[in-house]
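*Asks:* Build me a model:
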Amino acid sequence: MLIAHVSPRTMGKTTNAAFLAHAMHERGYPMIGYDADHSQQLTRWDAKAKFPFPVLGAASETFHMNVPKTLPPDTIGMIDCGHAEDHVGVTSSVLRCADLAILNSSPSTADLYRIRDLPMRKVLDDVAPLRLDSKPPETWVLLNRCPPQSNSKAVPDARKWFAKRGWNVFTTTVPFLQQYSQAIPFAVKGAGSHLDELVTEMKDRGLIP
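*Replies:* From the prediction side, this is the model:
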């Protein structure tokens, strides 16, 4: 199974991919990380923090040709895609074979408009004819870098914005916390994190085994 983290620009993909992969690994899922971002942030993070699973460079427009055939059986590949605005070819190649796409977005108006204006929906729809089932990959939005809901309407407003446009939105959100800052690569612990909560939601929704 391949899970792809995508977004038009910098919206927390690398952090979420790393934490989600660790949370799934800690629950017993065999994992491989795929760094499909030319900036190689996930690879550099792994080099310093020593992830408990391999991280492989895969920033190529031939991702769909090379990676699926090398993924071991019953292993989940967590893919950190680069910016779709700048590297749509790589993102499209990843989406041609991804079983699940996670669209990372903050609830800010600027990020919502980026998703509208790229547009991410078209990127997903355009790969449908190139997939075996002729459908876009199952896609869910993960709201990230969220302010406290007690004093902000940003998260509920973003949910309505996505729902109005037909997007699936996870109940789990990732708040804006120093825990998820990547200023300095750090060791990752998935258990107890918000991405561990996401694993539970994904299981409950039947998105992962």
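*Asks:* Which stretches in this protein count as helices?
*Replies:* 13-26, 41-49, 63-66, 88-97, 109-117, 120-127, 154-164, 194-204 (DSSP state H).
*Asks:* okay, these, which one's buried deepest?
*Replies:* Highest mean neighbour count among these (mean count of other Cβ atoms under 10 Å): helix 13-26, with a mean of 25. C-beta: built from backbone N, CA, C; applies to glycine.
*Asks:* Counting by contacts, list what that helix packs against.
*Replies:* strand 2-6, strand 31-36, helix 41-49, strand 76-81, strand 100-105, helix 194-204 (3 or more Cβ pairs under 8 Å, 6 or more residues apart in numbering; DSSP states H and E).
*Asks:* residues near Val129, how many?
*Replies:* Not Val; residue 129 is Pro. Close neighbours of Pro129, defined as other Cβ atoms under 10 Å, add up to 10.
*Asks:* on that earlier part again, hey, least reliable of the helices and strands packed on helix 13-26 by pLDDT?
*Replies:* Per-segment mean pLDDT for the helices and strands packed on helix 13-26 reaches its minimum on helix 41-49, at a mean of 94.
*Asks:* how far off strand 2-6 does that helix point, in degrees?
*Replies:* 110 degrees (axes from the mean of the first three to the mean of the last three Cα atoms, to 10 degrees).
*Asks:* by how many degrees do helix 41-49 and strand 31-36 diverge?
*Replies:* Going by the same axes, to 10 degrees, helix 41-49 makes 130 degrees with strand 31-36.
*Asks:* ok so, going back, so for Pro147, which of the helices of the chain sits nearest?
*Replies:* Closest approach to Pro147 among the helices of the chain is made by helix 154-164 (5.7 Å; Cβ to Cβ).
*Asks:* Could you list the residues in contact with the closest one?
*Replies:* Around helix 154-164, the neighbours that count as contacts under Cβ atoms under 8 Å, 6 or more residues apart in numbering are 105, 107-108, 112, 141, 143, 146-147, 149, 169, 173.
*Asks:* I'd like the helices of the chain as CSV, with distance to Ser7 appended.
*Replies:* CSV is the format used below for the helices of the chain (distance: least, Cβ to Cβ, whole Å):
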stretch, distance to Ser7
helix 13-26, 6
helix 41-49, 13
helix 63-66, 17
helix 88-97, 9
helix 109-117, 8
helix 120-127, 8
helix 154-164, 13
helix 194-204, 16
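*Asks:* Thank you kindly, that will do.
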